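A.B. asks: predicted structure and sequence below. I'll ask about it afterward.
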Amino acid sequence: MNKYFASDYAGARGKFLAAAESADVPLWQFDHPLKGPNDEALGIDIVWLGAQDARHVVVAGSATHGIEGFCGSGCQTGFLTENWKSRLAMGTALILVHANNPHGFAHQRRVNEDNIDLNRNFIDFDAKTPESPEYAELHPALVPEAWDGPIRRAADAAIEAYKVREGLPAFQQVTSRGQYTFPDGLFFGGAGPSWSRQTIEGFARKHLAEAKRIAVVDFHTGLGPRGYGEIIGRGGPGDPQYERTVAWYGPDVKSAVVGNSASVRLNGTIDFGYRRACPNAEQTAITLEFGTLPLEEVHEAIRADNWVYAKGGAETSPHFNSIKAQMRAAFYGEDSQWKQDIWARGQEIIEQALKGVGN
């Protein structure tokens, strides 16, 4: 099982492509215009298990938030290696989308090459973008001019004062919902569709146009109990999509709308891309969120990584290596137990998705 997980993007992509070749499944590769930190090629790689005319489809994606890709990539490689193609019912397909955000995965960042949080990028940019006045209040403290000394201490004090005044849940909601005003800020949703979004939606429009039912399972890490895969559905009681999610995955389904999930309500998540590309399909989408470290440590890692690229000179910063280690700890459980938990839960959820979408 541990052999399915890699230590870097190039290794993860290599394992996935080798497994796809051995499984003898259709493969599409979309080359990213930029290179990785070691000048390696980047791209979104998609394989299709099952009949290509299947009307019931499960789409399992990894690395929407780049560095979180180790988790989903390991499971995707496992599905290929252990011949999940043979498990599929007639008329049902499993599509594995490897590295939705390959640039972030390779550079071990959550965001893409333009500091865009891909899971906030799938909004309608032809309409008025969401406003974030509360985020604007916090932005100078979240992205301080310096990471040391009195400027940093003042910024930290402002953040702590906000948490005391408004509460940690409000701070999480305000900072991570998605903002569209500060390109150098946290959880920036972009000013238009990113390369990844255009690639994903383009593939879906071309190859999933005839699908009748689509289940989206997007693998993520960083929130919730360590190693536990929380199922985060869409909507709430009375919403048909939410009701299907509970019927498929059981009563442990959480929802930001209900207010019981590790995540908050977000703008522009990836499932809206599949919905836009395949408007005639019934969609049932979940985020599968695996915990790592406590929430405040994870958020501070995101803040640090954002700062070192926005203000700190990136690789030239004396803080660069320590911040990269901080990010890795926040989004990748290196230990065997964490990987075992991810693989076991990943299999369980994809099996439930395949059964649900096929009924």
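C.D. replies: Noted; the coordinates are in hand.

A.B. asks: surely Val47 meets Ala93?
C.D. replies: No. Contact between Val47 and Ala93 fails when scored by Cβ atoms under 8 Å: they sit 10.5 Å apart. No exception for glycine: its C-beta is placed from N, CA and C like everyone else's.

A.B. asks: could I have the helix or strand harbouring Ala301 exported to PDB, CA atoms only?
C.D. replies: Secondary structure assignment for Ala301, by DSSP states H and E: helix 295-310. Extracted C-alpha coordinates of helix 295-310, given in PDB (Å, rounded to 0.1, in the frame of the first residue of the first chain):
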ATOM      1  CA  LEU A 295      -6.800  23.800  12.100                       C
ATOM      2  CA  GLU A 296      -4.800  26.800  13.300                       C
ATOM      3  CA  GLU A 297      -1.500  25.100  12.400                       C
ATOM      4  CA  VAL A 298      -2.700  24.300   9.000                       C
ATOM      5  CA  HIS A 299      -4.000  27.900   8.400                       C
ATOM      6  CA  GLU A 300      -0.700  29.300   9.600                       C
ATOM      7  CA  ALA A 301       1.200  27.100   7.100                       C
ATOM      8  CA  ILE A 302      -1.000  28.500   4.300                       C
ATOM      9  CA  ARG A 303      -0.400  32.100   5.500                       C
ATOM     10  CA  ALA A 304       3.400  31.500   5.700                       C
ATOM     11  CA  ASP A 305       3.500  30.000   2.200                       C
ATOM     12  CA  ASN A 306       1.500  32.800   0.800                       C
ATOM     13  CA  TRP A 307       3.800  35.400   2.500                       C
ATOM     14  CA  VAL A 308       7.100  33.900   1.300                       C
ATOM     15  CA  TYR A 309       5.900  34.100  -2.300                       C
ATOM     16  CA  ALA A 310       4.100  37.400  -2.000                       C
END
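
A.B. asks: for it, buried residues please.
C.D. replies: Within helix 295-310, the residues that count as buried by 16 or more other Cβ atoms under 10 Å are 295, 298-310.

A.B. asks: make CSV from the residues you listed and add distance to Gly178 and pLDDT to it.
C.D. replies: CSV is the format used below for these (distance: Cβ to Cβ, whole Å; pLDDT from 0 to 100):
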residue, distance to Gly178, pLDDT
Leu295, 17, 92
Val298, 17, 97
His299, 15, 96
Glu300, 19, 97
Ala301, 18, 98
Ile302, 13, 98
Arg303, 16, 98
Ala304, 20, 98
Asp305, 17, 98
Asn306, 14, 98
Trp307, 19, 98
Val308, 21, 98
Tyr309, 18, 98
Ala310, 17, 98
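
A.B. asks: can you tell me the helix or strand for Thr269?
C.D. replies: Going by DSSP H and E, Thr269 is not in any helix or strand.

A.B. asks: quick one, phi/psi of it?
C.D. replies: Per-residue torsions, Thr269: phi -80, psi 160 (degrees, to the nearest 10).

A.B. asks: what's the answer for Asp31, then?
C.D. replies: Dihedral angles of Asp31 (phi, psi; degrees, to the nearest 10) stand at phi -80, psi 130.

A.B. asks: same check, this time on Thr92
C.D. replies: phi -120, psi 140.

A.B. asks: next up, the contacts around it.
C.D. replies: Applying Cβ atoms under 8 Å, 6 or more residues apart in numbering, one finds that Thr92 lies in contact with 50, 54, 56-58, 354, 357-358.

A.B. asks: quick one: those as JSON lines, columns for secondary structure and distance to Arg345 too.
C.D. replies: Converted to JSON lines, the contacts of Thr92 look like this (DSSP: H, G, I helix; E, B strand; the rest coil; distance: Cβ to Cβ, whole Å):
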{"residue": "Gly50", "secondary structure": "coil", "distance to Arg345": "22"}
{"residue": "Ala54", "secondary structure": "coil", "distance to Arg345": "25"}
{"residue": "His56", "secondary structure": "strand", "distance to Arg345": "22"}
{"residue": "Val57", "secondary structure": "strand", "distance to Arg345": "21"}
{"residue": "Val58", "secondary structure": "strand", "distance to Arg345": "15"}
{"residue": "Leu354", "secondary structure": "helix", "distance to Arg345": "15"}
{"residue": "Val357", "secondary structure": "helix", "distance to Arg345": "18"}
{"residue": "Gly358", "secondary structure": "helix", "distance to Arg345": "20"}
